[in-house]
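[1] Structure of the sequence below:
(one chain, ligands or ions: 1)
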Amino acid sequence: MSVSFCGLQLAHPVINASGTFDLLAANTAFGESLRERFPFAAFVSKTITLEPRKGNPPPRLWEAPAGLLNSIGLPNKGLQGYLANDLPAISELLGKVRAQPPVPLITNVMGSTAAEIAQLLNACEQREEISAVELNVSCPNVKTGLDIGADPVQLEVVVREVRPHLSKPLIVKLTPNTADVAACALAAQEGGADAISLINTLRAMAPGGGSPKPWLGGGTGGLSGPAIRPVALAQVAAAARRVSIPVVGMGGVQSAKHAQDLLDVGATLVAVGTESFRDPSAGSRIAHELSGAAETPANATPDHPGASTLLNLK
Ligand SMILES: Cc1cc2nc3c(=O)[nH]c(=O)nc-3n(C[C@H](O)[C@H](O)[C@H](O)COP(=O)(O)O)c2cc1C
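    Numbers count the residues shown, from 1 in each chain. As a prediction, this is how the structure comes out:
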């Protein structure tokens, strides 16, 4: 099950999706059992920006049919707060996790200009606790004006400009809110990315319940969870066909079967996001089951028995 990813040796192919697993809160809630049976082969931080952000006004969450709509708005302590407080705490905790090989830390960053991103990468370069960086070039629920991930030309320019600031692996996290995700994947590769990850949340809106004002405080939000799984599969497949660098696939993964589907279309790693809110141990469950997934009929799920089973019903 061990996987080599951008020079990192990982115990298995399952990691967390940025912003969906608060490691320090999980440690408070689960303590020793979290360190005993850590759910992920690498840990990805939530997005860090240069300056602190309060996030969007409430309400921030809306339960969509088969999904979650969030308008959290990337609240974070900013780069200095992260480096001074969260990074040492996360790193100390990961050091106590009983896993072999050890669980590396991937820090997720976002900036609204190449100069801002370069500053973030410079800081990550200097901290040995950080093994790799994931660059978030999409965020549908924040009014930063950052939309570089949706335009392949601009994306390639920005990635090329910031690349020299980091010698560690650089993963570019693509936006699904674009006309041609495969073109963006190729642009990230041409700009110098070592890997790409996708998909981020899909821009969506919750009804205001009779009022023209939408429900979420941020107006629009990002849709995640099972509802986006078929979109994720299509976009991961399209991106993986176009690039030669590794792909981290995510979007609605709840089971080993869903993870295997992404691996089958070309992902090297799979990230678990919204499912961790329902089941915080989803990562280890999926990693554990993944080795047996090949024995399951190709299109079988608990709610869809699979064509081969249906054919036997005559
Ligand atoms: C509550 C919430 C917070 C998120 N925060 C971030 C974030 O800080 N940075 C980021 O790149 N993606 C963030 N995402 C997107 C996820 O990392 C992931 O790309 C997306 O949710 C699709 O995976 P899923 O369907 O398994 O959740 C967030 C998603 C959710 C639901």
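[2] what about the residue in the stretch 1-150 of the chain that the ligand sits nearest to, is that helix, strand or coil?
    Taking Cβ to the nearest ligand atom, the ligand has its nearest neighbour within the stretch 1-150 of the chain at residue 19, 2.0 Å off. Placement of C-beta: from N, CA and C, glycine included. For residue 19, the assignment made with DSSP: H, G, I helix; E, B strand; the rest coil gives coil.
[3] and it, what is it in contact with?
    Neighbouring residues of residue 19 by Cβ atoms under 8 Å, 6 or more residues apart in numbering: 46-47, 72, 74, 108, 273.
[4] Whichever residue of the stretch 151-300 of the chain sits closest to the ligand: how many residues sit nearby?
    In the stretch 151-300 of the chain, the residue that lies nearest the ligand is residue 273 (2.4 Å; Cβ to the nearest ligand atom). For residue 273, the count of nearby residues is 24 (other Cβ atoms under 10 Å).
[5] Ignoring the adjacent residues along the chain, who's closest to it?
    For residue 273, ignoring the flanking residues on the chain, the nearest one in space by Cβ to Cβ, 6 or more residues apart in numbering is residue 17 at 3.2 Å.
[6] Quick one: residues contacting the one you found.
    Contact analysis of residue 17 by Cβ under 8 Å, 6+ apart lists 44, 250, 271-274.
[7] So the residue of the stretch 151-300 of the chain closest to the ligand sits against residue 249, correct?
    No. The criterion here is Cβ atoms under 8 Å, and residue 273 misses it with residue 249 at 11.4 Å.
[8] on that earlier part again, may I ask which two of the contacts of residue 19 are separated the most?
    The most widely separated members of the contacts of residue 19 are 74 and 273, with 14.8 Å between them, by Cβ to Cβ.
[9] With pLDDT added, can I get the contacts of residue 19 in TSV?
    Formatted as TSV, those follow (pLDDT from 0 to 100):
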residue	pLDDT
46	97
47	97
72	93
74	92
108	98
273	98
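[10] Narrow the residues you listed to just the buried residues.
    In terms of neighbour count (16 or more other Cβ atoms under 10 Å), the buried residues within the contacts of residue 19 are 46-47, 72, 74, 108, 273.
[11] Show me where the stretch 51-200 of the chain has its helices.
    With DSSP state H, counting those that start in this stretch, the ranges of helices along the stretch 51-200 of the chain come out as 78-81, 87-96, 114-126, 152-162, 181-191.
[12] Go through the ones you listed and pick out the most buried.
    Of all the helices of the stretch 51-200 of the chain, helix 181-191 carries the top mean neighbour count, a mean of 23, counting by mean count of other Cβ atoms under 10 Å.
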